[in-house]
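**Q** Generate coordinates for the sequence data below:
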Amino acid sequence: MNENKKVLSLFFGIAGLAVSFIIFFAISVIIGAGILNILGFEYTAVSYVVFFFLIYTIAAFFVEPFVEAYVLAVTEMGRLNKFISESIGFIFCVGFDIILISLIETMIDGIMISDRTIVLFAMITYVCGKIFEEILYRDAVEEVVEKKSKKVKKAFGRKKSKSEEE
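**A** Numbers count the residues shown, from 1 in each chain. Take a look at the predicted model:
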């Protein structure tokens, strides 16, 4: 009986995660395609657009945490101020998006995205993501960043100088 509850809770957990992903994916396709259409995105069939965003969402989901961790590590190792660390984050995240979108656009024959559109879309999605994080997840993001920062400090921490110890 107890094992059945565990199996059911696992099943509903996975089903809930799948439904959440589908909803997130649908919203990102609608909003992303709308922004790209305004910027000059061309496609031959809607299936290519869905396929483009499917690859983009999956690749970004798995690779973006590594990009963010790298930016956090660089920021923490250099003990940089907030403006410089945000600038580094912008450069790396937008650069990653530009490369990712360019690669996907090259692989799919049914879509055409100009370089200007790719750069603008990457910048817009980065800024929108930061605004979204700031508005909806302010407390949670600060807590996660603090935890990540502690892990980075532990992994890459520098020895304290004599003046810092005193």
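**Q** Roughly how far does the one residue sitting closest to the centre of the chain sit from Val71?
**A** The residue lying closest to the centre of the chain (C-alpha atoms, centre = their mean) is Glu64, at 4.6 Å. Per C-beta to C-beta, to the nearest Å, Glu64 is found 10 Å from Val71. For every residue, glycine as well, the C-beta is placed using N, CA and C.
**Q** which residues do the two both contact?
**A** Common neighbours of Glu64 and Val71 are listed as Cys93 (criterion: C-beta atoms under 8 Å, 6 or more residues apart in numbering).
**Q** packing partners for the helix or strand harbouring the residue nearest to the centre of the chain?
**A** Per DSSP states H and E, Glu64 falls inside helix 46-78. Packing partners of helix 46-78 (3 or more C-beta pairs under 8 Å, 6 or more residues apart in numbering; DSSP states H and E): helix 2-39, helix 82-107, strand 111-112, helix 138-156.
**Q** what's the distance between Gln120 and Ala18?
**A** Wrong residue type there; residue 120 is Leu, not Gln. Distance, Leu120 to Ala18, using C-beta to C-beta: 32 Å.
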